[in-house]
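In: Quick one, structure for this:
(one chain, ligands or ions: 1)
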Amino acid sequence: MRKLFRISIGLLLFVSSLTSHAALRVVTTTQDLSAITKAVGGEWVQVQSLTPGTRDPHFAAAKPSMIRKVFLADLLLVIGADMEIGWLPPLLQSARNSRVQPGNPGYLDLSSVVPLLGKVSDPVSRAMGDVHAKGNPHYWLDPRNGIRMAQAITTRLSGLDPAHKDDYRRRFNDFVQTMDNKLPAWRAELAQLKGKPVIAYHKSFVYLADAFGFRIVGEVEPKPGIAPSAASLSALVERIKTEHIDSLIMEPYYERRSASYLNEQTGIHVAVIPQSVGAQPDIHTYFDLFDAIVAALNKAGGK
Ligand SMILES: [Zn+2]
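Out: All right, here's what the predicted structure looks like:
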């Protein structure tokens with residue numbers, strides 16, 4: 001009887017080890033990171049995002065379901081550069097999962113693998129409400145950074161799960177190949193925007209502008225994370241008129257009143273840009289994201 005008991009316990013452990021090792025449990029702070037991880041991880045990863053692409057990733061409320069995801073994770077991928085500073089640290093603390101604490105192999109901050117734009121050297125800046133004090137964290141909006149992110153994720157998945165490293169490498173190569181095919185087409189479609197001055201709601205499209213050759217000449221927010229005042233909007237009306245700026249681009253989750261006001265005063269065209277995978281129900285992959293962004297930008301340019 002005792003022997004039978006031991007065998008069944010052994011069998012139970014064996015089966016549970018099989019199921020728990022069937023896939024790496026990857027948790028990401030945004031859906032963009034999830035989409036890239038799925039692209040290179042394929043069937044060897046089980047990926048969940050802590051926030052949906054419909055929401056501003058600077059802000060999130062820590063929910064018990066999020067703590068549970070982090071508790072069970074083998075790997076946690078974050079945007080970094082303070083993007084999640086307001087909500088991830090308490091979540092990491094509550095989840096008590098040493099595998100995914102910063103500094104351990106189960107934690108990967110993707111801001112460390114891309115060239116960050118807009119680093120702020122002025123320490124006063126954060127006190128003034130600037131949510132980009134460590135450099136601009138919206139770097140996934142440059143497709144070239146998508147390659148850097150995919151490469152870093154591939155390397156990390158291969159380290160945690162060396163048995164499938166050839167698969168990860170093959171899928172990464174496919175990802176690069178798809179990008180090589182798509183990027184020139186996107187650039188051609190946006191050729192009419194080249195050199196054009198554009199205003200953004202939040203300082204989040206600098207990487208996109210850099211990748212596609214248009215210029216962000218100002219923001220509706222006087223500082224990242226600070227809502228516009230009546231005075232700052234009036235100043236912007238003057239700039240739009242004198243500098244002949246004809247497009248304003250913004251994420252779907254910001255208030256529309258300011259943009260409507262600027263449109264009424266100047267006739268500026270307002271385009272809502274899906275900034276993340278999941279921002280629209282039809283955006284499932286990182287490539288879908290740029291297909292949708294290019295379509296939205298083309299509307300902004302009046303094509
Ligand atoms: Zn931001």
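In: so which helix or strand takes in the most centrally placed residue in the chain?
Out: Taking CA atoms, centre = their mean as the criterion, residue 32 is the residue nearest the geometric centre of the chain, at 4.7 Å. Taking DSSP states H and E as the definition, residue 32 sits inside helix 31-41.
In: Run the chain-centre distance for whichever helix or strand comes after that helix.
Out: The element immediately downstream of helix 31-41 (helix or strand, assigned by DSSP H and E) is strand 45-49. Between the mean C-alpha point of strand 45-49 and the mean C-alpha point of its chain there is a distance of 15 Å (CA atoms, centre = their mean, to the nearest Å).
In: Could you tell me which residues within the next helix or strand after strand 45-49 count as buried?
Out: Read in the C-terminal direction, the helix or strand following strand 45-49 is helix 64-72, with elements assigned using DSSP H and E. Counting neighbours by 16 or more other CB atoms under 10 Å, one finds that the buried residues in helix 64-72 are 66, 67, 69, 70, 72. Any C-beta I mention is one placed from the backbone N, CA and C, and that applies to glycine too.
In: Would you mind measuring from the first one to residue 88?
Out: Remark: distance between residue 66 and residue 88 (CB to CB, to the nearest Å) = 9 Å.
In: Quick check: which ranges of the protein have low pLDDT?
Out: 1-22, 121-129, 300-303 (pLDDT under 70).
In: the helices in it, which residues?
Out: Counting by DSSP state H, the segments of the chain that form helices are 2-20, 31-41, 64-72, 88-95, 124-127, 143-160, 165-189, 206-212, 230-242, 257-266, 286-300.
In: Would you tell me which one of the ones you listed is buried the most?
Out: Taking mean count of other CB atoms under 10 Å as the contact definition, the stretch among the helices of the chain with the greatest mean neighbour count is helix 31-41, which reaches a mean of 25.
In: elements contacting it?
Out: Contact analysis of helix 31-41 by 3 or more CB pairs under 8 Å, 6 or more residues apart in numbering; DSSP states H and E lists strand 24-28, strand 45-49, strand 75-78, helix 143-160, helix 165-189, helix 286-300 as its packing neighbours.
In: What strands line up against the second one, and which way round?
Out: Taking DSSP bridges as the criterion, strand 45-49 pairs within the sheet with strand 24-28 (parallel).
In: Pull out the buried residues from the partner strand.
Out: Taking 16+ other CB under 10 Å as the basis for neighbour counts, the residues of strand 24-28 that come out buried are 24, 25, 26, 27, 28.
In: hang on, the earlier thing: pipe the helices and strands packed on helix 31-41 into JSON lines and attach distance to residue 280 per row.
Out: JSON lines is the format used below for these (distance: least, CB to CB, whole Å):
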{"stretch": "strand 24-28", "distance to residue 280": "19"}
{"stretch": "strand 45-49", "distance to residue 280": "15"}
{"stretch": "strand 75-78", "distance to residue 280": "22"}
{"stretch": "helix 143-160", "distance to residue 280": "18"}
{"stretch": "helix 165-189", "distance to residue 280": "17"}
{"stretch": "helix 286-300", "distance to residue 280": "6"}
